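**Q** Fold the following.
(2 chains)
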Amino acid sequence: MNARGARAVLWVALLGPNLCSCIASNVVAEDQRLVARDLTALPFVPADASAFTGLYESIDIRGDAAVALRKIYYVFDTAGSYTGAALAESDGQLSFQTLNGNWTIGPEGLVLDGGAAVQAEMAAQHLRLSTPAGSVVLKAGSLQ
Amino acid sequence: MTAKLLQTLGVVFVLSLVGASIFGFMVLKDRVRVVFAADATATGPDPTALLRDDVQTVAREVAALQQALAANFEQLATALEERANARHVDVLLLQQSLATSSTKLAALAQQSEGLRLQLAALPSTIVAAMASNGSVPVQAPLTVAAAGVVPKVTKQPPAVVAEPSAPEPPVTTATPPVPAPKKGGSFLSFQVPGVAFRFDALQDYTIVPELSRVGFDAKSTLHDFSGVTSQVRGSFRADFDDPAGAWSGEVAAVAASLLTGVDGRDEAMREHLATKDHADLRFVLERFTPSANGVDVEKQTVKGDLAGTMTIRGQSKPFTLPVALEVDPQKRVVITGQTKLKLSDYGVPVPSQLGMINMQDEVAVWVALRARVQAGASK
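**A** Here you go, the predicted model:
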C-alpha cells in the first residue's frame, strides 16, 4: 500500500464512524407496527338537533354489532325523517339492509321510530351513536 | 385784442359744451334707464348653494335612516330565526313525548287486555278448582293482585289449602303481557345477524389489509432500517378456546410492495427477493401451540406459537412465529408477533455495497395483523 492508499484508509477509519452516526436509524418502533386510528381524541359533546342533517358514513363500529356490520349510512333530514342502510355479513355473504323512518332527539338521546333512546354525541363532522349492543362513529359526507 | 379773442373763444366753448350736452341728453334720454338697487353685498347667500346644502342634509338623514332600519331589520330577522329554532326544538320534544306516550299507551292497552282475559278466566278456574278438590285456589287471585288490579272475589270461608290435584290455571292468563317487538332490530333499528363474537368456536377469519402490516427489521453497517408493507392478504380457521386443535390458513404479502424509505435500496431489495419470479412472501399455517397459560377466555387473549411453512424467493422452510392474539373493541382479532430468520436460508443474497456497507444475514420478521371473523360462519 503506498502512502496515498494509507492516507485514504486513515480518512475512512476516522470519518466512517462519524458518517454512520449521521444517518438516523429507520426502524419502525414495535409499538408503531399496528395500524392505528385514534378516534377517542375527538371532542364529543351531547348532540343536538343541528347534528342530524345530511349524509353520515360509519368509520368505526364497536361492540357485538361490529361482528356482522361492515358499514352504516344515514341521511337525516331536518324535518325529522331519515333513511339508512347497513351492510351486514351473514354466513360470509354481504347484504344491504335499508330503513326509512322518523327521528327525534331529546335529553335522553336520539330516538329512531319511537324506539329506545340512543346516546348521541357529536364532534366536528362526526357523530357517535352508542347502544348496549355497540357504538358507531359516523363521519359527515356529501351527497353528489 | 388777444384777451378779447380768448374771451370770445371761451364763451363759444362753453356754449358749445352746453349745446352738446343738451343734444346728448335729447339723444340718450330714451335709451338710458337708471335703476336704484340695494347694495349687492346685502343680498345674502346663493340660493343654489342653499338648495344644495339642503339636499345634502336630506341625503345624510336618509342614509342614517336607512342604516337604522337595516340594523332594526337585522335584529328582527335574528329574533325571528331564534324563535323559529326554539319552536323547532319544542316541536321535536313534543314529537318525542307523543311517541313515548303512544308506546306507553300501547303497552298499557296490551296489559289491560291481558288482565281482562285473566279476570274473565278467573271464575271458571275457581269453580273448577273447588269442584275438583273443594279447596280454595289462591294462586290465581294472588297473581292478579300482583299485577296491580284488585279483583272482585267472593269472600270464601277460610279453609285449609290442600295440594291441588286439578291442573294449574292456564299460563297464558297469568303471564304478563309481552310488549310488541319494535321496528328494526338490535342495533340502531337494523336487524343484525349473529351479533355475538364467538371466542370458543371454530371460525373463519379474514385478514383486513388496510389495518394490517408485515415487515422486517434489518441491521447494516451504516444504520438499521425496516421494510414494511400493508399489501397483505389471507385467511385462517381457528378456535381460540381450543388451541390444541388444528389451525389452518395462509397469509401472503406482496414482496415488491415492501418499502424501506430509500428508493435505491427498495430496488435492490426487489432484485434480491427476485420479485418478478416470486411475487409473494407466503406463510402457510399448519398448527398452533399455546404457551403455558396462554389462553385466557375471559380476556379473550391467546399466546403461543404459530407453526407452518414460510416461502421466500420460492424456497420453503419450516417456520415458527411466536404470536399474541387479542380481540379489539371492533371485534377484530389482532395478531402481533416477531421472530428472526436468516436470508441465506431462503437463498436471498445478503446485500452488500462495495464490500464496505454490509447488511446482516439475520433479520427480524414481524407481523401486526387484524383479522375479521366471518359473521355467522362458525363451523
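
**Q** what residues are up against the residue nearest the centre of chain A?
**A** Centroid-nearest residue in chain A, with C-alpha atoms, centre = their mean: residue A:59, separated by 4.4 Å. Taking C-beta atoms under 8 Å, 6 or more residues apart in numbering or on different chains, we find residue A:59 in contact with A:37, A:39, A:137, A:138, A:139. For the C-beta atoms, the positions are set from N, CA and C on the backbone; glycine is no exception.

**Q** hang on, the first one packs against residue A:62?
**A** No: assessed by C-beta atoms under 8 Å, residue A:37 is found out of contact with residue A:62, at 11.9 Å.

**Q** is the longest strand along chain A anywhere near chain B?
**A** In chain A, taking DSSP state E as the definition, the longest strand is strand A:93-106. Yes: counting by C-beta under 8 Å from any C-beta of the partner chain, chain B is contacted by strand A:93-106 at A:97, A:99, A:101, A:102, A:104, A:105, A:106.

**Q** more crowded one of residue A:37 and residue A:62?
**A** The neighbour count for residue A:37 versus residue A:62, taken as other C-beta atoms under 10 Å in any protein chain shown, is higher for residue A:62 (18 against 10).

**Q** can you tell me which helix or strand the closest residue to the more buried one other than its chain neighbours belongs to?
**A** Leaving aside its sequence neighbours, residue A:62 sits nearest to residue B:329 (C-beta to C-beta, 6 or more residues apart in numbering or on different chains; 4.4 Å). Using DSSP states H and E, residue B:329 falls within no helix or strand.

**Q** Give me the neighbour count for residue B:329.
**A** 12.

**Q** you'd agree it is up against residue A:61?
**A** No: with contact defined as C-beta under 8 Å, residue B:329 does not count as touching residue A:61 (9.4 Å).

**Q** Would you list the buried entries among the residues of strand A:93-106 next to chain B?
**A** Neighbour-count burial (16 or more other C-beta atoms under 10 Å in any protein chain shown) applied to the residues of strand A:93-106 next to chain B gives A:97, A:99, A:101, A:104, A:105, A:106.

**Q** If we only consider these, which is nearest to residue B:54?
**A** residue A:105 (60.1 Å; C-beta to C-beta).

**Q** tell me the contacts of that closest one?
**A** A:47, A:48, A:49, A:52, A:111, A:120, B:92, B:96.

**Q** Strands of the stretch 151-300 of chain B, start to end?
**A** B:203-207, B:213-218, B:225-229, B:232-238, B:248-254, B:280-296 (DSSP state E, counting those that start in this stretch).

**Q** I misspoke; the intended subject was chain A.
**A** A:45-46, A:54-62, A:69-76, A:81-90, A:93-106, A:109-112, A:117-123, A:126-131, A:134-140.

**Q** about what we covered before: can I get the strands of the stretch 151-300 of chain B in TSV with distance to chain A and mean pLDDT?
**A** Below are the strands of the stretch 151-300 of chain B laid out as TSV (distance: least, C-beta to the nearest C-beta, whole Å; pLDDT from 0 to 100):
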stretch	distance to chain A	mean pLDDT
strand B:203-207	8	91
strand B:213-218	5	95
strand B:225-229	4	94
strand B:232-238	11	94
strand B:248-254	14	96
strand B:280-296	16	91
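
**Q** For residue A:30, find the nearest of the ones you listed.
**A** Within the strands of the stretch 151-300 of chain B, the stretch nearest residue A:30 is strand B:213-218; the backing value is 9.1 Å (C-beta to C-beta).

**Q** Can you list the strands that the closest one pairs with?
**A** strand B:225-229 (antiparallel), strand B:362-373 (antiparallel) (DSSP bridges).

**Q** What lies in contact with that strand?
**A** A:27-28, A:33-35, B:224-230, B:232, B:251, B:253, B:258, B:281, B:359-360, B:363-369.

**Q** how much space between residue B:273 and residue B:220?
**A** 16 Å (C-beta to C-beta, to the nearest Å).

**Q** Of these two, which one has the most company?
**A** residue B:273 (24 against 18).

**Q** wait, isn't the more buried one in contact with residue B:257?
**A** No: in this structure, residue B:273 is not within contact of residue B:257 by C-beta under 8 Å, at 11.0 Å.

**Q** Pick out the residue nearest the middle of chain B.
**A** residue B:188 (14.9 Å).

**Q** Give me the buried stretch members for stretch B:272-281, please.
**A** In stretch B:272-281, counting by 16+ other C-beta under 10 Å, buried: B:272, B:273, B:274, B:275, B:278, B:280, B:281.

**Q** Only alpha carbons, please: show stretch A:44-63 as CSV.
**A** Presented in CSV, the C-alpha positions along stretch A:44-63 are these (Å, rounded to 0.1, in the frame of the first residue of the first chain):
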residue,chain,number,x,y,z
PHE,A,44,-67.5,14.6,21.5
VAL,A,45,-70.3,16.5,23.2
PRO,A,46,-74.0,15.6,23.5
ALA,A,47,-75.6,16.1,20.1
ASP,A,48,-78.4,18.4,19.4
ALA,A,49,-80.8,18.6,16.5
SER,A,50,-78.4,20.5,14.4
ALA,A,51,-76.2,17.5,14.0
PHE,A,52,-78.8,15.5,12.3
THR,A,53,-78.7,16.8,8.8
GLY,A,54,-77.2,15.3,5.7
LEU,A,55,-75.3,12.1,4.9
TYR,A,56,-73.2,10.2,7.5
GLU,A,57,-71.0,7.2,6.9
SER,A,58,-69.6,4.9,9.5
ILE,A,59,-65.9,4.9,10.1
ASP,A,60,-65.8,2.8,13.3
ILE,A,61,-68.2,0.2,14.7
ARG,A,62,-67.6,-1.3,18.1
GLY,A,63,-69.2,-3.9,20.3
